[in-house]
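Engineer: have a look; sequence and predicted model below, questions after that.
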Amino acid sequence: MSNSGFGEQRFPAFKPDPRRALALGELHARPFPRIIAPRQVIALAFTMTDDGERDFETLSALSTRCGIAPPAFGARAHVFAFGQGTLRWERHSEFSTYLFEGPAPGHIAQTGSGHPFGADFAAPGPLIAGVHLEIWSAETETGIGNGSTGAANFEEASLCHSTMEGGLAEALTDFRQDGDGLTHILVLDRGLAPHRAGALVLRLVEIEIYRTLALLGLPLAQETAPRLRRLEAKLADITREMDRGSEDSRSLLHEITAAAAEVEAGVAAVLYRFGASRAYDEIVRERLLAVGDTAMAGRESWSAFLKRRMAPAMRTCRSVEQRQANLSEKLARAANLLRTRIDVELEHQNRDLLHQMNRRAQLQLRLQQTVEGLSVAAIAYYVVGLFGYLAKGAFHEGGLVDPSLLVASFVPIAVAGVWLTVRRIRGQHGDTDEHVAPKG
């Protein structure tokens, strides 16, 4: 068998891991488009509220309209031609994006070749972000100074103008929304290869989408902060009561438990949103680093603008998240202190109860010993009485000793015998004095 050529090698049919296809397909599911200026990109991001069912219906309708078979319901990406452009759909964890790439304004060759987001487009959910990006050749004067692509149409106070891709491109935006609710971005191509132009365009679109998603945590942080202040004040009141030595420890423990439950419920409510905001903020930083953002002379760069505007919001989210964690920890410590105090109080109560039981046992022992002494005397009396009858009978039959003397001599013997017998019985029942707890 010849194996001189790499293409001629054959391997047995190995059974693949069912996850292998998904892992390999993910690497090639979202390739960069090849873009040659002038072009425009319209990207819309919609939040999913029904596990993607409406999203799938919208995508299926668009695909059918273009004579393309819709993707499977669980698909994560789908690309097909729409008019003179291309529509790219992607599903993410909590949103989906529709990105149309086509001819720039003024360069559409025929009617009906524009974007698909017209009046008959059924939005799959609430719009969370939108971008209208235009890429023009920097050497072409047409469109740069007029129409919607002119830099003069951006808000000067928030205009960001940076060179990117090692000086092969310039990008302008003011991060403000136009009449359609879209953020306008202008890219000037100074020699980008088509695949690098496509990569730059997608990264700029992602920066706008992800920075919007990252800021969704800020309203939640602002809403959570007043509740945290109230709970922190409540914890301070409880600790002051503990410091004053309040005797109602169980009531304080109930208040701490209720406050801790409220804090944990708040943590659960914001856990996903704050985590997602951190992740989206990190993606924005990565995309800015990837495009090689550098400020133009006299202009603010994208990185500087986003850092100045987003960093305080992200710090607010992290601060609220840290306060929640600290408050939860402090409440847990206060609860442990109160439980310890309650346990000590219970131990003292148990000690006093055992002490009282010990005293009762001692009193009962003394009473028992008194009764035993009386019973010894009584039993000895009856024994001596019986012995007296025997002595009198013996004397009557000719005995030589006076019965009274015999009875008197027998009394100590009877008492000692009865006492020893009682003590032996107590010893057999484990009821000796040694088994009684000492006085304490």
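Structural biologist: Yes, it's here. Everything numeric here is computed off the predicted structure, so don't read it as measured data. Residues are numbered from 1 along each chain as shown.
Engineer: could you use CA atoms for every contact and neighbour count after this?
Structural biologist: Will do.
Engineer: for this protein, longest strand please?
Structural biologist: Under DSSP state E, the strand in the chain containing the largest number of residues is strand 127-137.
Engineer: may I see the buried residues of the helix or strand following that one?
Structural biologist: Downstream of strand 127-137, the first helix or strand assigned by DSSP states H and E is strand 160-164. Under the neighbour-count criterion of 16 or more other C-alpha atoms under 10 Å, strand 160-164 has C160, H161, S162, T163, M164 buried.
Engineer: check the offset of the helix or strand just after strand 160-164 from the chain's centre.
Structural biologist: Sequence order places strand 169-177 as the next helix or strand after strand 160-164, per DSSP H and E. Remark: strand 169-177 is offset 36 Å from the chain centroid, using C-alpha atoms, centre = their mean, to the nearest Å.
Engineer: and for stretch 327-344?
Structural biologist: Counting by C-alpha atoms, centre = their mean, stretch 327-344 comes out at 22 Å from the chain centroid.
Engineer: do stretch 375-392 as well
Structural biologist: Distance, centroid of stretch 375-392 to centroid of chain: 88 Å (C-alpha atoms, centre = their mean).
Engineer: where in the stretch 51-200 of the chain is pLDDT low?
Structural biologist: 106-113, 140-152 (pLDDT under 70).
Engineer: make it 50
Structural biologist: For the stretch 51-200 of the chain, the stretches with pLDDT under 50 are 108-112, 141-149.
Engineer: what's the longest helix in this protein?
Structural biologist: Longest helix of the chain, by residue count under DSSP state H: helix 302-396.
Engineer: tell me the angle of that helix relative to strand 169-177?
Structural biologist: Angle between the axes of helix 302-396 and strand 169-177 is 60 degrees (criterion: axes from the mean of the first three to the mean of the last three C-alpha atoms, to 10 degrees).
Engineer: Y98: how many residues sit nearby?
Structural biologist: 21 (other C-alpha atoms under 10 Å).
Engineer: separation between it and H92?
Structural biologist: As judged by C-alpha to C-alpha, to the nearest Å, Y98 and H92 stand 11 Å apart.
Engineer: and D243, by the same measure?
Structural biologist: When D243 is compared with H92 (using C-alpha to C-alpha), they lie 52 Å apart.
Engineer: cool, R273 as well?
Structural biologist: From R273 to H92 the distance is 15 Å (C-alpha to C-alpha).
Engineer: swap in R309?
Structural biologist: 25 Å.
Engineer: and what of D248?
Structural biologist: Counting by C-alpha to C-alpha, the gap from D248 to H92 is 53 Å.
Engineer: OK, contacts around A335?
Structural biologist: Contacts for A335 (C-alpha atoms under 8 Å, 6 or more residues apart in numbering) come out as L253, I256, T257.
Engineer: quick one: contacts of stretch 41-51?
Structural biologist: 55, 94-102, 115, 123-134, 205, 209.
Engineer: hey, C-alpha coordinates of it in CSV?
Structural biologist: Extracted in CSV, the C-alpha atoms of stretch 41-51 (Å, rounded to 0.1, in the frame of the first residue of the first chain):
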residue,chain,number,x,y,z
VAL,A,41,-23.8,47.4,7.5
ILE,A,42,-27.1,47.6,9.5
ALA,A,43,-27.0,45.4,12.7
LEU,A,44,-29.9,45.0,15.1
ALA,A,45,-29.8,43.1,18.4
PHE,A,46,-33.0,41.8,19.9
THR,A,47,-33.5,40.3,23.4
MET,A,48,-35.1,36.9,23.5
THR,A,49,-38.1,36.4,25.8
ASP,A,50,-39.5,33.1,24.6
ASP,A,51,-36.5,30.8,24.2
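Engineer: pick the one among the contacts of A335 closest to L337.
Structural biologist: L253 (9.4 Å; C-alpha to C-alpha).
Engineer: and after whichever strand or helix holds that closest one, which helix or strand comes next?
Structural biologist: Using DSSP H and E, L253 maps to helix 249-291. Using DSSP H and E, the next helix or strand after helix 249-291 towards the C-terminus is strand 294-295.
Engineer: who touches that next one?
Structural biologist: H161, S162, T163, M164, S301, W302.
Engineer: give me that answer again for 7 Å
Structural biologist: H161, S162, T163, M164, S301 (C-alpha atoms under 7 Å, 6 or more residues apart in numbering).
Engineer: check contacts around the last one.
Structural biologist: Under the criterion of C-alpha under 7 Å, 6+ apart, the neighbours of S301 are C160, H161, S162, D293, T294, A295.
Engineer: what do you get for the fourth one?
Structural biologist: For M164, the residues meeting the contact criterion (C-alpha under 7 Å, 6+ apart) are E170, V291, G292, D293, T294.
Engineer: how far away is the closest residue to the third one other than its chain neighbours from R190?
Structural biologist: If I follow you right, that is G292. Closest residue to G292 in three dimensions, ignoring its sequence neighbours and counting by C-alpha to C-alpha, 6 or more residues apart in numbering: M164, at 5.1 Å. Distance of M164 to R190, given as C-alpha to C-alpha: 10 Å.
Engineer: which pLDDT value belongs to S246?
Structural biologist: Per-residue pLDDT puts S246 at 63.
Engineer: all strands of the stretch 1-150 of the chain, in order?
Structural biologist: 39-47, 77-82, 85-91, 95-103, 127-137 (DSSP state E, counting those that start in this stretch).
Engineer: the longest one - contacts with which helices or strands?
Structural biologist: Strand 127-137 is packed against strand 39-47, strand 183-189, helix 194-214, with contacts defined by 3 or more C-alpha pairs under 7 Å, 6 or more residues apart in numbering; DSSP states H and E.
Engineer: please name whichever of those is nearest to A378.
Structural biologist: Of the helices and strands packed on strand 127-137, nearest to A378 by C-alpha to C-alpha is helix 194-214, at 97.3 Å.
Engineer: sounds good, over and out.
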